[in-house]
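> One predicted model, sequence on top.
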Amino acid sequence: MTKNTKTALIVDDEPSLRMLIRAVLESDGWTVHEAQSGEQALEMVPGMELNAALIDMRMEGMDGMALLKELNTTVPGLPVIMLTAYGNVNSAVVAMKHGAFDYLTKPADNEELKAVMNKALDYSRLVDENERLKSAAGATEKMIGSTRGMRNVKDLIEQAGPSEATILVLGESGTGKELVAEGLHRASLRAGKPLVKVNCAALPADLLESELFGYVKGAFTGANTNKPGRFQLASGGTLFLDEIGEMDPLLQAKILRALQEKVVEPLGSVSPVETDVRIIAATNRDLKKEVEKGNFREDLYYRLSVLEIRIPPLRERIGDLPALVAYLLEKLGRKNNKKVRSVTPSFLDVLSRYDWPGNVRELENVLERAIILSRSEVLGPELLPPQVQNPAPRAVQPQHTPNFEPSAPRQQLTPPPSPGPASLDDAERQALIAALEANQHHRERTADALGISRRTLQYKLKKYGLTRR
């Protein structure tokens, strides 16, 4: 379904009846498709965007009731109006109990037909809007964190998602730029269409060009058939150009044309192909500096950066570590068939003192290593790699790290602003409970397992109200 059209499908084995209904609906602004059988209708539906369907109850082969059941499965939410002879109204009532939207007796009154169809149109648009709102509400659910920087990112996704604006996502490697692109797509009006991703750094320029724009048969040696490009595959949806800062300048010019004129030319073709895509680009480079160096086109930069979303590196949002660790422990535990309940406070403390040059991607790798090596359900700091346990001073920024704004002061490991299991205190308390249970509440063994002194353990137990009478 789509909210910007009035498109109907008529399914009836009587051509004269289809012609009459088509004339009435087209006079009311509808685009009408016809099928003479239920089987033909099911073949047509997957490639169509419909607001309503009119189905005759009695047809040769698949009857109206059987077709209704199939449509309820293949196109959930599509309003279906049943057409029935006057003497078979009871059958139409039964069909409504099985999901039909309404019914009309033949021959249908023209005004009644228009009224029922427009009521179905309103319903289909309401279904579309509800789906869009549900998708937008979940747009940032995979983005873990509640520090100010992450709240800003989530707010921008929710505000900019429904727009058609081209968006530039900025951030170091491993910060989650692809997650932001996915969130923007889910929050957009294009959420029901494809999100096509292209890593511009993964292919040489000539291969990237054919991937983006496609080619026609005979364009080069080995081009034995026509191949659509990513622009065409993303039609109606979103095209995510990751690492666009690595793109060859000649390709940059073609991307600019596609943005400005909304057409692409497949390799070997002289006929432009119209495109309907929203572009989201991402880079770990500072494109302003690349423009100054002559490595990136200034006009393309301004086309891409209608809105910029900067993802803070992990070292600038250390307060999100407990929530990230909790999420990743569950995810990675399932992946590796290991039951991991929590981490020790000293484990979290070590994580908080590391700078995370690889950001969340590096954190995920470190946690997966710890889970694989662990013989316990509680992870301790001894499972962390040496570079995390004893971090060297960070003398230089990683290559291509953009200085988009002055670096925020390093945060201490403090609980996120909102209460809940993601706070450090909760994580510490859960780790203490798990360690106590694992050691039958024996204080000395629990302290040893946690890697802390018995006095520190006593202080923590008192702090969290875990002392036993």
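Structure's in. What do you need? Please read all numbers here as calculations on a predicted model, not as lab measurements. Numbers count the residues shown, from 1 in each chain.

> and G99, how many residues sit next to it?
G99 has 15 neighbours, counted by other Cβ atoms under 10 Å. (Each C-beta comes from the backbone N, C-alpha and C, glycine too.)

> Need the per-residue pLDDT for it.
Looking at G99, its pLDDT is 87.

> ditto for P409
38.

> middle-most residue in the protein, spatially?
E182 (3.1 Å; Cα atoms, centre = their mean).

> just wondering, since we're on that residue, how far is it from L304?
18 Å (Cβ to Cβ, to the nearest Å).

> Equivalent analysis for L17, please.
For L17, the distance to L304 - Cβ to Cβ - is 53 Å.

> Neighbour count: the two, which is higher?
L304 (27 against 17).

> mind listing what the more buried one touches?
166-168, 244, 259, 279, 281, 287 (Cβ atoms under 8 Å, 6 or more residues apart in numbering).

> can you give me the mean pLDDT across stretch 142-154?
Stretch 142-154 shows a mean pLDDT of 89 in the predicted model.

> first to last residue in it, what's the distance?
Stretch 142-154 has an end-to-end distance of 11 Å (Cα to Cα, to the nearest Å).

> sorry, back to before: name the nearest residue to the residue nearest to the centre of the chain, sequence neighbours excluded.
Excluding the flanking residues, the one nearest E182 by Cβ to Cβ, 6 or more residues apart in numbering is L195, at 6.6 Å.

> Go ahead and confirm the one you found touches L179.
No. Assessed by Cβ atoms under 8 Å, L195 is found out of contact with L179, at 11.9 Å.

> thinking again about what came up before, could you look up the next helix or strand downstream of the helix or strand that the residue nearest to the centre of the chain is a member of?
Here E182, judged by DSSP states H and E, is contained in helix 177-186. Downstream of helix 177-186, the first helix or strand assigned by DSSP H and E is strand 195-199.

> neighbouring strands for that next one, and are they parallel or not?
Here strand 195-199 is paired, per DSSP bridges, with strand 238-242 (parallel).

> contacts for the partner strand?
177-178, 181, 184-185, 188, 190, 193-201, 230-231, 247, 255, 277-282.

> I only care about these that end up buried; give me the ChimeraX line for that.
In ChimeraX syntax, the buried subset of these is picked out as below (16 or more other Cβ atoms under 10 Å):
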select :177,178,181,184,185,188,190,193,194,195,196,197,198,199,200,230,231,247,255,277,278,279,280,281,282
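
> Can you pull out the low-pLDDT segments for this structure?
Low-confidence segments of the chain (pLDDT under 70): 1-4, 86-87, 129-141, 393-428, 448-451, 468-469.

> Domain ranges for it, per the record?
Listed by automatic domain parsing, the domain ranges of the chain are 7-131, 148-310, 314-387+411-463.

> secondary structure element for P357?
Here P357 is assigned to no helix or strand, by DSSP H and E.

> That one: how many residues sit nearby?
P357, neighbours per other Cβ under 10 Å, totals 19.

> State the distance from it to R369.
16 Å.

> next one: L17
According to Cβ to Cβ, L17 stands 69 Å off from R369.

> repeat for V127
46 Å.

> which residues in the stretch 51-200 of the chain form helices?
Secondary structure of the stretch 51-200 of the chain (DSSP state H, counting those that start in this stretch): helices located at 64-74, 89-97, 110-137, 148-160, 177-186.

> shouldn't Q36 be in contact with I10?
No. Using Cβ under 8 Å, Q36 is not in contact with I10; the gap is 9.6 Å.

> who's more crowded, the two?
Of the pair Q36 and I10, I10 is the one with more neighbours under other Cβ under 10 Å, namely 24 against 17.

> Make sure that one is indeed in a strand.
Yes. Counting by DSSP: H, G, I helix; E, B strand; the rest coil, I10 is found in a strand.

> I figured it was touching A23, is that so?
No. Using Cβ under 8 Å, I10 is not in contact with A23; the gap is 11.1 Å.

> picking that back up, helices or strands next to the helix holding E182 in the packing?
For helix 177-186, the packing partners by 3 or more Cβ pairs under 8 Å, 6 or more residues apart in numbering; DSSP states H and E come out as helix 148-160, strand 167-170, strand 195-199, strand 238-242, strand 278-283.

> distance between it and the chain's centre?
Helix 177-186 has its C-alpha centroid displaced from the chain centroid by 5 Å (Cα atoms, centre = their mean, to the nearest Å).

> Likewise for stretch 250-266?
So, by Cα atoms, centre = their mean, the centroid of stretch 250-266 is 25 Å from its chain's centroid.

> can you pull the buried residues of that stretch?
Under 16+ other Cβ under 10 Å, the buried positions of stretch 250-266 are 251-252, 254-256, 258-259, 264-266.

> In helices only, show me the residues you listed.
Counted as lying in helices by DSSP state H, out of the buried residues of stretch 250-266, are 251-252, 254-256, 258-259.

> Dump those residues into JSON lines; add distance to L324 as well.
Listed next are those as JSON lines, based on distance: Cβ to Cβ, whole Å:
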{"residue": "L251", "distance to L324": "36"}
{"residue": "Q252", "distance to L324": "35"}
{"residue": "K254", "distance to L324": "39"}
{"residue": "I255", "distance to L324": "34"}
{"residue": "L256", "distance to L324": "38"}
{"residue": "A258", "distance to L324": "37"}
{"residue": "L259", "distance to L324": "35"}
